[in-house]
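In: Sequence plus predicted model, see below.
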Amino acid sequence: MAGKPILHYFDGRGRMESIRWLLAAAGEEFEEKFMKTREDLEKLRKDGSLMFQQVPMVDIDGMKLVQTRAILNYIAAKHNLYGKDIKERALIDMYTEGMADLNEMIIYYPSFAPGDKDGRLTEIKEKARNRYFPAFEKVLKSHGQDYLVGNRLSKADVLLTELLYHTEELDSTVLANFPLLKALRTRVSNLPTVKKFLQPGSQRKPFDDENHVEAVKKIFIK
Amino acid sequence: MFQQVPMVEIDGMKLVQTRAILNYIAAKYNLYGKDIKERALIDIYSEGVADLNEIILYYPFLPPGDKDGSLTQIKEKSRNCYFPAFEKVLKSHGEDYLVGNRLSKADILLTELLYHTEELDSTVLANFPLLKALRTRVSNLPTVKKFLQPGSQRKPFEDEKFVEELKKSFG
């Protein structure tokens, strides 16, 4: 049997954080190998471990998976967090993709030049409050169930919970008008696996601050 | 749902988000592998295709001054990163299709990508014989062959005139 999955990335949130959340929520323990220098990245590339020369890469069940969505979908399917049929999967994918669009802005926010940050933050706040959060609140309101799809925990609930925490870090009152989103977040946060992941000392990563951005630039940018 | 298109009305659902739509169609028509490991490979390959396709998708809409740089990026990434990666997959197992010796979403999306990249870089496939063979093989499937014929619902390259009209409608 293969050992624990190994996550290859830098020591920060970036595109790997959603994967950490999903593995943690699923109760699958994992190890991490952090890239600290450009040489670390080049070594992975030379090894042939990165199909498109990029990270995230997750070594799991005998496969070296790359591409965030491929990794998330595999973990979700493996742990029955992907609905019961293709129609539920379609809804889960649709919701997850919407989250990914907002998350993309949040992931890149720390790397923007100081002069551009304000504009980006305004955009994040506007899209969260006017487009994405109302859409998810509406879903929960429409069926009144505890989870987004099929009355059961899925990839969508876990990733939405992560997104709600991360957006709130940038906009502390963003959830004021979204009671059902707050309730979902609380519900998911109280699941034993997620509760553990939310405690200090877990593999959850803090906000990517400026020091962190500098360290990452050294690895990725020539 | 998110105030954006594409939207596809299918089987009683109004699906948005391109990947959600593609995944549903693939699963519905058994173009998504036989198990979760094959699905993972199909997703990896499709996501790589999507990354290159993203640059190609935006190319017609760039201001004239930015087009050259983008074209250079498309040529460089396809020739040095993406196409070698897919050629290597086909070489590694010697099968007719990318995953599980069976047609999947990955083969179709790659075929589309190969045609679209070649429109911008006519010699891009010169050193990728297995990709060329895959493209031919997929193109000869009766359904795809029909789609490749004039008069089908396949859309032409988005030229400047098209972009201008689109901006007028949505701007």
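Out: Perfect, I can see it now.

In: Residue A:77 reaches residue B:39, doesn't it?
Out: Yes: Residue A:77 sits in contact with residue B:39 when judged by Cβ atoms under 8 Å, with a separation of 6.7 Å. The C-beta positions use only the backbone N, C-alpha and C, and glycine is treated the same way.

In: the more surrounded of those two?
Out: residue B:39 (24 against 19; other Cβ atoms under 10 Å in any protein chain shown).

In: show me what contacts the more buried one?
Out: A:73-74, A:77, B:32-33 (Cβ atoms under 8 Å, 6 or more residues apart in numbering or on different chains).

In: Redo the residues you listed as CSV? Include pLDDT.
Out: Formatted as CSV, the contacts of residue B:39 follow (pLDDT from 0 to 100):
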residue, pLDDT
A:73, 98
A:74, 98
A:77, 98
B:32, 98
B:33, 98
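
In: would you say residue A:202 is within a strand?
Out: No: counting by DSSP: H, G, I helix; E, B strand; the rest coil, residue A:202 falls outside a strand, being coil.

In: Could you pick out the residues of chain A near chain B for me?
Out: A:51-53, A:61, A:63, A:65-71, A:73-74, A:77-78, A:86-87, A:89-91, A:93-94, A:96-98, A:101, A:131-132, A:135 (Cβ under 8 Å from any Cβ of the partner chain).

In: Sitting in helices, which of the residues you listed do you find?
Out: Among those, the ones falling in helices (DSSP state H) are A:68-71, A:73-74, A:77-78, A:86-87, A:89-91, A:93-94, A:96-98, A:101, A:135.

In: Pull out the buried residues from stretch B:111-129.
Out: B:111-114, B:116-117, B:120-121, B:124-125, B:128 (16 or more other Cβ atoms under 10 Å in any protein chain shown).

In: Give me the common contacts of residue A:77 and residue B:39.
Out: With Cβ under 8 Å, 6+ apart, residue A:77 and residue B:39 have no common neighbours.

In: quick check: angle from the longest helix seen in chain B to helix A:68-78?
Out: Assignment by DSSP H gives helix B:36-58 as the longest helix of chain B. Interaxial angle of helix B:36-58 relative to helix A:68-78 (axes from the mean of the first three to the mean of the last three Cα atoms, to 10 degrees): 150 degrees.

In: Could I have the CA atoms of helix B:36-58 written out in CSV?
Out: Below are the C-alpha coordinates for helix B:36-58, written out as CSV (Å, rounded to 0.1, in the frame of the first residue of the first chain):
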residue,chain,number,x,y,z
ILE,B,36,-11.3,7.5,-10.6
LYS,B,37,-7.6,7.0,-11.5
GLU,B,38,-8.4,7.3,-15.3
ARG,B,39,-10.5,10.3,-14.5
ALA,B,40,-7.6,11.9,-12.7
LEU,B,41,-5.4,11.4,-15.8
ILE,B,42,-8.1,12.8,-18.1
ASP,B,43,-8.5,15.8,-15.8
ILE,B,44,-4.7,16.4,-15.7
TYR,B,45,-4.5,16.4,-19.4
SER,B,46,-7.6,18.5,-19.9
GLU,B,47,-6.4,21.1,-17.5
GLY,B,48,-3.1,21.3,-19.3
VAL,B,49,-5.0,21.8,-22.5
ALA,B,50,-7.2,24.4,-20.8
ASP,B,51,-4.1,26.4,-19.7
LEU,B,52,-2.8,26.7,-23.2
ASN,B,53,-6.3,27.2,-24.6
GLU,B,54,-6.8,30.2,-22.2
ILE,B,55,-4.0,32.1,-23.9
ILE,B,56,-5.3,31.2,-27.3
LEU,B,57,-8.9,32.2,-26.3
TYR,B,58,-7.8,35.7,-25.3
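
In: residues in contact with the closest residue to residue A:204 other than its chain neighbours?
Out: Distances taken as Cβ to Cβ, 6 or more residues apart in numbering or on different chains put residue A:197 closest to residue A:204, at 5.6 Å, once the chain neighbours are dropped. Applying Cβ under 8 Å, 6+ apart, we find residue A:197 in contact with A:20-21, A:24-25, A:203-204.

In: what do you get for residue A:161?
Out: With Cβ under 8 Å, 6+ apart, residue A:161 has these contacts: A:21, A:184-185, A:188-189, A:194.
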